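**Q** I would like to see how this sequence folds:
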Amino acid sequence: MMRANINNNRNTSGNSRNAISVSNILAFFIIILLTGVIAVCLYAPSLHAASIIINWILLGLLTGTATGFLFGIPKIHQDESSRTGNTSNTTYRQVVNTNLVEISDWLTKIIVGLGLIHLHKIVPYITGAASQLASGLKDGNADNALAFSYGIVIAYPVLGFLFGYLTTRMFLAPAFSRADQDAIRVVEEKIREAQATANSAITKAEFASYAAPLRATPLAANETGAGNNYERQLDDLVNQFNQLRITMKSGPMRTRKLSAVMGEMVKLMPHLPGYDVARALQDSNNGRRLSAYASLYAEPQQDLLLPLTDALLTTETTAFGQYWGIITIGKLIALQTQDEIRETALAKLQTLYSKLDPDTDRHFELKRILDDQQADTTADHL
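**A** Numbering: from 1, shown residues only. The predicted structure is shown next:
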């Protein structure tokens, strides 16, 4: 969280410095432009001549700015596999549209190439343009008009080029970069959410295949010794859960086997009506805590909503346990009738939500619970 704040502060500071730099550049070029306009007002013998000079100034500025913009567009680096779509995996990925960059590159090479080929014609071209402008001034002094025209023809295209290049590099390029990164970030977030949704659905489906039916047949009157047998079964499942986490690598296969253990626990819990869920929630044994989630999942107890939330915040250390604790919270919080307890639980869940990796199914499930509660609260206030 602190690192995110530092990065935000750095970005804000960088944006402020960039805005100041752009403002300084704009102020500089506006001063030069106003200086030229004042010179035109002082030199032009008539309003007609002044309008001609201003049109030439605008032509030079626009031509130079467009050329500076083409030269100032930054290169966008992306690996060849991403650009062509020849990736080794099948994960969807959005890449930056580089059409403008490629067009800029082509036009820049064409301009430079033609400029080098016709380099010997540049001076006659400038002279011809200056003479054309001077002929329209008609102030009676051809030498002064030609000298003034040389200044207009040379200065303002160069000024426009510098303005276009600097503003593109210092303002437009960072703006393009932020827009591209924001668009990619949104798509990546949607992809992560879809992956988390799929993973959660797979886990629930695997669990359902083992947990059905959730309600076991109640103990018969003559099964007085069956309780100890169910307790031993639960102990075996607790040990099995812990052994699977130790002996198997994290992955779909281990999750499938852990889901089977969770399903067996849920089926077993109706046979253990006196099970101490509150104590199991605080147990340091990972499998024992999972049995508490299984008990509350099979037979929700509203008064254990806050202890369950506290267990996820302070005691639970396994991703699988967190997931089923969150799923169980979804059932308990939907049944909770006391607003104060619900609000307290939601505040603690917000803290837990901020700590979860956004790429996980736990993050997705908790977000769904919080969004549903927010929607319910909004509907109640309407």
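
**Q** domain assignment for the protein?
**A** Following automatic domain parsing, one gets these domains for the chain: 2-76+95-189, 226-381.

**Q** So which of those is nearest Ala201?
**A** Taking C-beta to C-beta, domain 226-381 is the member of the domains of the chain nearest to Ala201, at 8.7 Å. For every residue, glycine as well, the C-beta is placed using N, CA and C.

**Q** Mean confidence (pLDDT) on that closest one, please.
**A** Mean pLDDT, domain 226-381: 88.

**Q** Can you identify each of the strands in the stretch 151-300 of the chain by residue range?
**A** In the stretch 151-300 of the chain, no strands are defined using DSSP state E, counting those that start in this stretch.

**Q** Mind putting the domains of the chain into CSV with distance to Ala201 and mean neighbour count?
**A** As requested, the domains of the chain are arranged in CSV below (distance: least, C-beta to C-beta, whole Å; neighbours: other C-beta atoms under 10 Å):
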stretch, distance to Ala201, mean neighbour count
domain 2-76+95-189, 19, 14
domain 226-381, 9, 17
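
**Q** closest one to Ala198 among these?
**A** Of the domains of the chain, the one closest to Ala198 (C-beta to C-beta) turns out to be domain 226-381, at 8.6 Å.

**Q** Kindly reformat the domains of the chain as a markdown table containing distance to Ala198.
**A** Putting the domains of the chain into a markdown table (distance: least, C-beta to C-beta, whole Å) gives the following:
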| stretch | distance to Ala198 |
| --- | --- |
| domain 2-76+95-189 | 15 |
| domain 226-381 | 9 |
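
**Q** The stretch 201-350 of the chain: helices as residue ranges?
**A** 226-247, 252-268, 277-281, 286-298, 305-314, 319-335, 339-355 (DSSP state H, counting those that start in this stretch).

**Q** Let me have the ones you listed in TSV, extended by distance to Gly151.
**A** Listed next are the helices of the stretch 201-350 of the chain as TSV, based on distance: least, C-beta to C-beta, whole Å:
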stretch	distance to Gly151
helix 226-247	81
helix 252-268	75
helix 277-281	84
helix 286-298	82
helix 305-314	73
helix 319-335	72
helix 339-355	63
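
**Q** Glu189: which of these is closest?
**A** helix 339-355 (15.0 Å).

**Q** Tell me the helices and strands packed up against the closest one.
**A** helix 305-314, helix 319-335, helix 361-381 (3 or more C-beta pairs under 8 Å, 6 or more residues apart in numbering; DSSP states H and E).

**Q** Can you tell me which of those helices is nearest to Ala173?
**A** Smallest distance to Ala173 across the helices and strands packed on helix 339-355 (C-beta to C-beta): 34.1 Å, for helix 361-381.

**Q** Alpha carbons only: can I get that closest one in PDB?
**A** Below are the C-alpha coordinates for helix 361-381, written out as PDB (Å, rounded to 0.1, in the frame of the first residue of the first chain):
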ATOM      1  CA  ASP A 361     -10.400 -16.500  -6.900                       C
ATOM      2  CA  ARG A 362     -10.500 -15.400  -3.200                       C
ATOM      3  CA  HIS A 363     -10.400 -11.800  -4.400                       C
ATOM      4  CA  PHE A 364     -13.200 -12.400  -6.900                       C
ATOM      5  CA  GLU A 365     -15.400 -14.200  -4.400                       C
ATOM      6  CA  LEU A 366     -14.900 -11.500  -1.700                       C
ATOM      7  CA  LYS A 367     -15.500  -8.700  -4.200                       C
ATOM      8  CA  ARG A 368     -18.800 -10.400  -5.100                       C
ATOM      9  CA  ILE A 369     -19.900 -10.600  -1.500                       C
ATOM     10  CA  LEU A 370     -19.000  -6.900  -0.800                       C
ATOM     11  CA  ASP A 371     -20.700  -5.800  -4.000                       C
ATOM     12  CA  ASP A 372     -23.900  -7.700  -3.200                       C
ATOM     13  CA  GLN A 373     -24.000  -6.200   0.300                       C
ATOM     14  CA  GLN A 374     -23.400  -2.800  -1.100                       C
ATOM     15  CA  ALA A 375     -26.300  -3.300  -3.600                       C
ATOM     16  CA  ASP A 376     -28.600  -4.500  -0.800                       C
ATOM     17  CA  THR A 377     -27.700  -1.500   1.300                       C
ATOM     18  CA  THR A 378     -28.400   0.900  -1.600                       C
ATOM     19  CA  ALA A 379     -31.700  -0.800  -2.300                       C
ATOM     20  CA  ASP A 380     -32.800  -0.500   1.400                       C
ATOM     21  CA  HIS A 381     -32.100   3.300   1.300                       C
END
